[in-house]
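A.B. asks: any chance you could fold what I've pasted below:
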Amino acid sequence: LPGCECASVPVAGALVRRGVTPAAALAFLLSAPAINPVVLTATAVAFPRDPEMVLARFVASLVVACAMGWLWQRLGRTDWLRLPAHAAHEGETKGAAFWDSVRHDVMHAGGFLVLGAMAAATLKAVAPASWLRTAAENPALAVASLAVLAVVLSICSEADAFVAASLTQFSLTARLAFLVVGPMIDLKLFAMQAGTFGRGFALRFAPVTFVLAIASAVLTGWVLL
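C.D. replies: Sure thing, here's the model as predicted:
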């Protein structure tokens, strides 16, 4: 379903509250903002000469979401997860909740694209070209740099592809890491996860997600890009 990061966290909390297995709800939390039709379409528009980026983003993000769900099912403990106090879309039917989410995303998509373009322009204007070249020339440093940048910038997944497309100094694999990490863990998502499920959960969930997202992006990039 189309949905940005800000919506996926409370919805995942509502799923857990209603009895959905936490592993499945956490897989939804990671996959909804990363591999929905709006985000994949934006990626295709941002990378018209590299259509394989759409498939690579879909595969890498899906692998991380499933892997985190399986890890929680196998290793997670109930005392690490604080049940949310309030459910998202309380009192609404499933259909009404769905269309509310769709309307929210459509109304905000344009704004997110503008913010993404502003972030890309600001990065190009502020960051010294020598720094970018130095990071881009080292494959490992390039991936790590863009992964950290995705966490810090905290750009919505509906706009991050345009920022990644502007980073032409970097390899497609490094830019894929930016696209996979950002929708799954950034500063605003960490705060929302801590507020919804508890700080103890966020402190465990975020670092593992970050590492798996980088590993999945690198492996997928090596195979597809």
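
A.B. asks: contacts only, for Leu55.
C.D. replies: Listed by C-beta atoms under 8 Å, 6 or more residues apart in numbering, the contact partners of Leu55 are Leu224. C-beta coordinates here come from the backbone N, C-alpha and C atoms, glycine included.

A.B. asks: and it, what element?
C.D. replies: Here Leu55 sits within helix 52-75, counting by DSSP states H and E.

A.B. asks: which of the residues in that helix are buried?
C.D. replies: Within helix 52-75, the residues scored as buried using 16 or more other C-beta atoms under 10 Å are 53-54, 56-65, 67-69, 71-72.

A.B. asks: Leu187 contacts Val151, correct?
C.D. replies: Yes. In this structure, Leu187 is within contact of Val151 by C-beta atoms under 8 Å, at 6.4 Å.

A.B. asks: more crowded one of those two?
C.D. replies: The neighbour comparison of Leu187 against Val151 (other C-beta atoms under 10 Å) goes to Val151, with 20 against 11.

A.B. asks: what helix or strand does the more buried one sit in?
C.D. replies: Going by DSSP H and E, Val151 is in helix 139-153.

A.B. asks: can I get that helix in CSV, CA atoms only?
C.D. replies: Taking C-alpha atoms only, helix 139-153 is exported to CSV below (Å, rounded to 0.1, in the frame of the first residue of the first chain):
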residue,chain,number,x,y,z
PRO,A,139,33.6,2.0,-3.0
ALA,A,140,33.3,1.1,0.7
LEU,A,141,33.4,4.7,1.8
ALA,A,142,30.9,5.7,-0.9
VAL,A,143,28.3,3.2,0.4
ALA,A,144,28.9,4.1,4.0
SER,A,145,28.8,7.8,3.3
LEU,A,146,25.5,7.7,1.5
ALA,A,147,24.0,5.3,4.0
VAL,A,148,24.8,7.8,6.8
LEU,A,149,23.6,10.7,4.7
ALA,A,150,20.2,9.0,4.3
VAL,A,151,19.9,8.7,8.0
VAL,A,152,20.8,12.3,8.6
LEU,A,153,18.8,13.9,5.8
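
A.B. asks: list the helices and strands it packs on?
C.D. replies: The elements that helix 139-153 packs onto, with contact taken as 3 or more C-beta pairs under 8 Å, 6 or more residues apart in numbering; DSSP states H and E, are helix 129-137, helix 160-166, helix 172-181, helix 199-224.

A.B. asks: go ahead and confirm Ile214 touches Ala177.
C.D. replies: Yes. With contact defined as C-beta under 8 Å, Ile214 reaches Ala177; the gap is 5.6 Å.

A.B. asks: where do the contact lists of these two overlap?
C.D. replies: Common neighbours of Ile214 and Ala177 (C-beta under 8 Å, 6+ apart) are 143, 147.

A.B. asks: the two - which one has more neighbours?
C.D. replies: Neighbour count, other C-beta under 10 Å: between Ile214 and Ala177, Ala177 has more, with 31 against 20.

A.B. asks: ok, for that one, nearest residue in space, not its chain neighbours?
C.D. replies: Computed as C-beta to C-beta, 6 or more residues apart in numbering, the closest residue to Ala177 that is not its neighbour in sequence is Ala217, at 4.0 Å.

A.B. asks: OK, contacts around the most centrally placed residue in the chain?
C.D. replies: Taking C-alpha atoms, centre = their mean as the criterion, Pro183 is the residue nearest the geometric centre of the chain, at 1.1 Å. Going by C-beta under 8 Å, 6+ apart, Pro183 touches 5, 30, 33-34, 39, 61, 157, 160.
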